[in-house]
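K.L.:
This is a predicted model, with the sequence first.
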Amino acid sequence: MAAQAAPEQLLIARVMLESPLPQLDRLFDYAVPAALRGQATPGVRVKVPLRSAGRIARGYIVETTEAVEYSGTLSEIDEVTSSVPVLTPAVWNLARRVSERAAGSASDVVRLAVPPRQVRVEKAWQLEQQSENPPVEYRANPTVTGYGERIIDSALDAGKRVAVAAIPAVHEVSPGVWVGRWAVTLAEAAARTLASGRSAIVAVPDYRDQQQLIEALAVLVPLDRISQLDARQPNADRYRAFLRCLEAAPRVIVGNRSVVYAPAENLGLIAVWDDADPLHNEPLSPYVSTRDVALVRQEQSGCALLFASHSRSTWLERLVEIGYVAPFAPDPAVLPHVIPTADQPGADAAAHARIPSAAWNTARRALEDGPVLVQVARPGYAPVLACQDCRTPARCRVCEGTLRLGGAHQTPSCELCGAIAADWHCRHCESTRIRLVTAGTGRTAEELGRAFPGVRVIVSDGERPRLTVDARPALVVATRGAEPVAAGGYRAILLLDGERMLARESLTVAEDCLRWWSNAIALAAPRAPAIIVGVGGALARALVTWSQHRFAAAELPDRRTLRFPPMVRLATVTGRPETVEQAISSLPDSVEGHESATIDVLGPVDAGDGLVRATIRFDYAFGSEVARSLRSSIIRNSTGRTKRQTSKATGTKTSFRPPPVLRVRFDDTEILE
DNA sequence: AGCACGCCGACT
DNA sequence: GTCGGCGTGCTC
């Protein structure tokens, strides 16, 4: 450690390359030329030579050092693209951990975290930076209301992880502006964090939720303290909002799933609304959901973490049960008025479309007073296999997976483990007759409207979403998930397609339905009746007593017995048969210190195109071992052998690599559908 | 990806 | 003994 710093001490930049190639997923050392010394700081975008000068790769400087880690000749950084440090150390650490967890590339995660550069936007932002305005004043000491005196506040102030049951009501945040009460809770939590001088990230599933949250926030924090980071906004707007997050002043950063990667300085809170919504599942590699990213980031940063929903997911329930997340419920309690009718749709009321007469009468009466919500299933379900006699969905007798019909006249086989269901019989009624349930397109809104002559009908669905409706009488027909917020709340709610929604083939149908129904019921006016048709049992009980977490808790023992998520984790491996075989055989079979942890493999099953897919199930303790093993299989596969092919028609010889196929995906719940 | 290196068959 | 095709492996 002698002071031997020569005047021209070598400066090394460790660079993450922007490349999808798994074998390039590590840091590369480059020498920083004297001319670039001032700009070559961690987080900036650079261009570097890669393999024989001339080829240029883009990347980010992750760190600078004077210690050479590489024992070869160093190339020099070609260019510092921009002096803005867009990849902050915290986000880099998050990206690395998240990618390791999912056997993916850090650069894939960074791609989600850092929006593409917009030169004009960046220049404008840099100019604005120099003439910074004075700090704004926040409303003093905001508090989270509706959960008892300072209960949530003190949990958040202590940097805890909490699962909050949302308050099932609507709320008028400013004259004429109504939002779900949940949005107020999240806004209050964010405002409190901001007032303490720290930033908050709030992730919501979609744009409609984001709108409500922004409206709730607008009355609590100054507008210029709010950033919206939304994948559907234009690149320029997104990059502008992203750059503002890099500023030192605390902010509330709102957006959909990738907002959990926002570069918030001094992060005090991550809040996630409705973590089980499938929109929180990232469709891009390495497919890590908002919930998992939030958990990793909370662990790294020590910020508070708040999950809120009307219906607790089984994933969160597991975390509550192991004591990792603390549960909170509204105080005073708010109990919606839910009325289940076991009547089959249309059984007693042909005159009223398929609405049972009790529900029809309730709706008729409520329509004199204000809007009534009718929730219907989304049209066009994929055909599923079910018992012909009792309609129980058909499941594999080996592993409880979903049965699928491969071809038109084939014997059904298990989608998960591939077992042929030759001697299938229904577990519920012992029938041996199986049938294809082709769910129709459903009744149209017009048909429903005809049941209530003379009433204004408003439709809200995926194509024509409607965010709000006023307080005047109207029949609001909405597909699940697209229900508008009504001023003052709906005077009655009819959940019509219970049976059809439950017929969907998925491990998670019950909890999905509970979530869809709960979210709709939460839009009711105080004590307005919510009638759910054709649903009984534990699901109806959970809704009537408004204790969805108990339903989630009751699911877990079964999942543990069956070795299904969230009690174990899953990873699917797709590729050529030999490749998948190799990947499976190199999996570890034990983890030191966790001798009771187990791992098993289902399949492989045919995945089309000459590919197969295997599903690996493993205990949480196995996570990093499995990820590391699969990662090295991916690298081995992508650097592997070539195959030569001679074209017989032309006689030309071509040498090419078959596209290396070994796709790994962790925690994909859709595989169970 | 794209390019260099090296190992094995056919040639001056 | 040497040229070059193509498979293999590496990229700071």
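P.N.:
Ah, there it is. This is a predicted model, so every value here is computed, not measured.

K.L.:
for the closest residue to A:V86 other than its chain neighbours, what are its contacts?
P.N.:
Leaving out its chain neighbours, the residue that sits closest to A:V86 by C-beta to C-beta, 6 or more residues apart in numbering is A:V114, at 5.1 Å. Backbone N, C-alpha and C define where each C-beta goes, glycine included. A:V114 makes contact with A:60, A:86-87, A:91, A:242 under the criterion C-beta atoms under 8 Å, 6 or more residues apart in numbering.

K.L.:
which ones are touching the residue nearest the centre of chain A?
P.N.:
Nearest residue to the geometric centre of chain A (C-alpha atoms, centre = their mean): A:H280, 1.7 Å. For A:H280, the contacting residues are A:203, A:205, A:257, A:272, A:274, A:289-291, by C-beta under 8 Å, 6+ apart.

K.L.:
Any idea what A:D606 is bridged to?
P.N.:
Counting by DSSP bridges, A:D606 forms beta bridges with A:V612.

K.L.:
give me the number of residues near A:A190?
P.N.:
32 (other C-beta atoms under 10 Å).

K.L.:
what helix or strand does it sit in?
P.N.:
Following DSSP states H and E, one finds A:A190 within helix A:181-195.

K.L.:
out of the contacts of A:V114, who's nearest DNA strand B?
P.N.:
A:Y60 (18.4 Å; C-beta to the nearest atom of the strand).

K.L.:
so what's that closest one closest to, chain neighbours aside?
P.N.:
Nearest to A:Y60 is A:L87, by C-beta to C-beta, 6+ apart, at 4.4 Å.

K.L.:
Show me where the stretch 501-650 of chain A dips below the pLDDT cut-off.
P.N.:
The model of the stretch 501-650 of chain A has pLDDT under 70 over residues A:640-650.

K.L.:
Which residue, other than its chain neighbours, is closest to A:R14?
P.N.:
The shortest distance from A:R14 to any non-neighbouring residue, by C-beta to C-beta, 6+ apart, is to A:L27 (4.3 Å).

K.L.:
Ends of stretch A:340-356, what's the gap?
P.N.:
End-to-end span of stretch A:340-356 (C-alpha to C-alpha, to the nearest Å): 11 Å.

K.L.:
so A:C414 bridges to which residues?
P.N.:
When assigned by DSSP bridges, A:C414 has beta-bridge partners A:L403.

K.L.:
Double-check A:F564 against A:C399; I have them as touching.
P.N.:
No - contact criterion C-beta atoms under 8 Å: A:F564 and A:C399 do not qualify, at 9.3 Å.

K.L.:
The residue nearest to A:R101 when sequence neighbours are not counted: helix or strand, and which one exactly?
P.N.:
Of all residues not flanking A:R101 in the chain, A:A627 sits nearest, at 5.9 Å (C-beta to C-beta, 6+ apart). A:A627 belongs to helix A:623-638 when assigned by DSSP H and E.

K.L.:
quick one: buried residues of that helix?
P.N.:
Neighbour-count burial for helix A:623-638 flags A:623, A:625-627, A:629-631, A:633-638 (criterion: 16 or more other C-beta atoms under 10 Å).

K.L.:
Quickly note the distance from the residue nearest to the centre of chain A to A:V121.
P.N.:
Distance of A:H280 to A:V121, given as C-beta to C-beta, to the nearest Å: 28 Å.

K.L.:
isn't the residue nearest to A:R101 right next to A:F666, touching?
P.N.:
Yes - counting by C-beta under 8 Å, A:F666 is a contact partner of A:A627 at 7.1 Å.

K.L.:
how about the CA coordinates for stretch A:487-501, as CSV?
P.N.:
Extracted in CSV, the C-alpha atoms of stretch A:487-501 (Å, rounded to 0.1, in the frame of the first residue of the first chain):
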residue,chain,number,x,y,z
ALA,A,487,-69.0,7.7,-8.7
GLY,A,488,-70.2,6.9,-5.2
GLY,A,489,-69.9,3.2,-5.9
TYR,A,490,-72.2,0.7,-7.6
ARG,A,491,-75.6,0.4,-6.1
ALA,A,492,-75.6,-3.3,-6.9
ILE,A,493,-73.1,-5.8,-8.4
LEU,A,494,-74.0,-8.9,-10.3
LEU,A,495,-71.2,-11.4,-10.8
LEU,A,496,-72.8,-13.6,-13.5
ASP,A,497,-70.2,-15.9,-15.0
GLY,A,498,-68.9,-17.6,-11.8
GLU,A,499,-69.2,-21.0,-13.2
ARG,A,500,-67.7,-20.2,-16.5
MET,A,501,-64.8,-18.4,-14.9
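
K.L.:
how much distance is there from it to the middle of the chain?
P.N.:
From the chain centre to the centre of stretch A:487-501 is a distance of 25 Å (C-alpha atoms, centre = their mean, to the nearest Å).
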